[in-house]
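Novice: with the input below, show me the fold.
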Amino acid sequence: MIGVAIFAVFALAPQVKLLYDQQVQISDLQKQNAATKASIDKMSQDLKRWDDPAYVRAQARDRLYYVMPGEISFLVMDAGSVNKNDTSNTVGSALAAAKNSSTISAKVTTTKTNWASNLTSSIIGAGLVQPK
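Specialist: Okay, here's the model as predicted:
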């Protein structure tokens, strides 16, 4: 009788393990399904926002720097840190590279340029220089 019981344990053990593994897999797939449904709900809410003209106007202002007729838009850039040897011909790539630098200084330093004079010269230059 003991031999039959031992044989039954060895015969049923792989089936029980397989059942347990399948239950774990079912649980994982149900969690993934719930996460996907939540993501779809969020995306559909985001899609509904685009039906609102105020939301479209706000996105155009933020992302594309659009302005309404009669408005004046000013874009202030850190012109002092622009690399003149930048081969990509974009100011944004130089600023992004400087901003995303991984070097962190351990000491507090002062700025090399006076921000107030840079601001003043920028305002005066914007008012006096005629675009070509």
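Novice: what's around Gly70, how many residues?
Specialist: For Gly70, the count of nearby residues is 5 (other C-beta atoms under 10 Å). All C-beta atoms are positioned from the backbone trio N, CA, C, and that covers glycine.
Novice: going forward, begin numbering at 8 instead of 1
Specialist: Done: numbering now begins at 8, and the last item shifts to Gly77.
Novice: now what about stretch 50-58, what contacts it?
Specialist: By C-beta atoms under 8 Å, 6 or more residues apart in numbering, the list of residues contacting stretch 50-58 from outside reads 62-63.
Novice: starting at the chain centroid, how far to it?
Specialist: The chain centroid and the centroid of stretch 50-58 are separated by 19 Å under C-alpha atoms, centre = their mean, to the nearest Å.
Novice: same question for stretch 30-43.
Specialist: When C-alpha coordinates are averaged (C-alpha atoms, centre = their mean), stretch 30-43 and its chain have centres 27 Å apart.
Novice: do stretch 118-128 as well
Specialist: The gap between where stretch 118-128 is centred and where its chain is centred comes out at 31 Å by C-alpha atoms, centre = their mean.
Novice: tell me the mean pLDDT for it?
Specialist: Over the span of stretch 118-128, the pLDDT mean works out to 82.
Novice: all helices of the protein, in order?
Specialist: Taking DSSP state H as the criterion, the chain carries its helices at 9-56, 60-71, 98-106, 122-135.
Novice: what angle do helix 60-71 and the first one make with each other?
Specialist: Taking axes from the mean of the first three to the mean of the last three C-alpha atoms, to 10 degrees, helix 9-56 and helix 60-71 form an angle of 100 degrees between their directions.
Novice: quick one: mean pLDDT over helix 9-56.
Specialist: For helix 9-56, the mean pLDDT works out to 93.
Novice: count the neighbours of Ala20 for me.
Specialist: Other residues within reach of Ala20 by the criterion other C-beta under 10 Å amount to 10.
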